[in-house]
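Visitor: can't give you the sequence, but here's the structure:
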């Protein structure tokens, strides 16, 4: 049993992965379409011939990349990247969601366990710390740049 890479049409990765799983082929165990890997779907199957048979009738599936991958090569796709990664204390951010949408703020504290960031709004008369989720902010200016 190995992991094979299937070349797909751009932006059709999830569609191809869903179609492979919907075939209910007993020799195909899993399909993964990671966001960070465009035009490819990772498929766990017993062998290459089984996968070729499944892909015959699937539109947008172009070809199988020659060779077999090991689980260690694809396991970094299996764990989600935290939203607060790449954000540091002191960074200037813009809130892109919530009641303070469009406001600029400075990062005061980062809680990676909860995926939350505490920021202090710039235009506020009284500095009040506001805690928001990591996906609700966009970094404008970083101290690390």
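Guide: Now that the structure is in, tell me what you want to look at. The shown structure was predicted, so the numbers you read here are calculated from the model rather than taken from an experiment.
Visitor: For the most centrally placed residue in the chain, give its distance to residue 14.
Guide: Nearest to the geometric centre of the chain sits residue 35, at 4.6 Å (C-alpha atoms, centre = their mean). Counting by C-beta to C-beta, to the nearest Å, the separation of residue 35 from residue 14 is 9 Å. (Each C-beta comes from the backbone N, C-alpha and C, glycine too.)
Visitor: Quick check, residue 84 in contact with residue 113.
Guide: No. Applying C-beta atoms under 8 Å as the test, residue 84 and residue 113 come out as separate, 9.7 Å apart.
Visitor: For the top helix by length along the chain, name the packing helices and strands.
Guide: In the chain, assigned by DSSP state H, the helix with the most residues is helix 13-22. Judged by 3 or more C-beta pairs under 8 Å, 6 or more residues apart in numbering; DSSP states H and E, helix 13-22 is in contact with strand 2-8, strand 28-32, strand 40-45, strand 61-64.
Visitor: re earlier: can you tell me how far the residue nearest to the centre of the chain is from residue 126?
Guide: Applying C-beta to C-beta to residue 35 and residue 126 gives a distance of 40 Å.
Visitor: how many other residues sit next to the residue nearest to residue 92 when sequence neighbours are not counted?
Guide: Excluding the flanking residues, the one nearest residue 92 by C-beta to C-beta, 6 or more residues apart in numbering is residue 141, at 4.0 Å. Residues contacting residue 141 under the criterion other C-beta atoms under 10 Å number 12.
Visitor: In this structure residue 141 contacts residue 88, no?
Guide: No. Using C-beta under 8 Å, residue 141 is not in contact with residue 88; the gap is 11.0 Å.
Visitor: Would you list the phi and psi of residue 82?
Guide: Main-chain torsions, residue 82, degrees, to the nearest 10: phi -60, psi 140.
Visitor: That one and residue 134 touch, don't they?
Guide: Yes. Residue 82 lies in contact with residue 134 (C-beta under 8 Å); the separation is 6.7 Å.
Visitor: What are the buried residues along stretch 76-95?
Guide: Within stretch 76-95, the residues that count as buried by 16 or more other C-beta atoms under 10 Å are 83, 84, 87, 91, 93, 94, 95.
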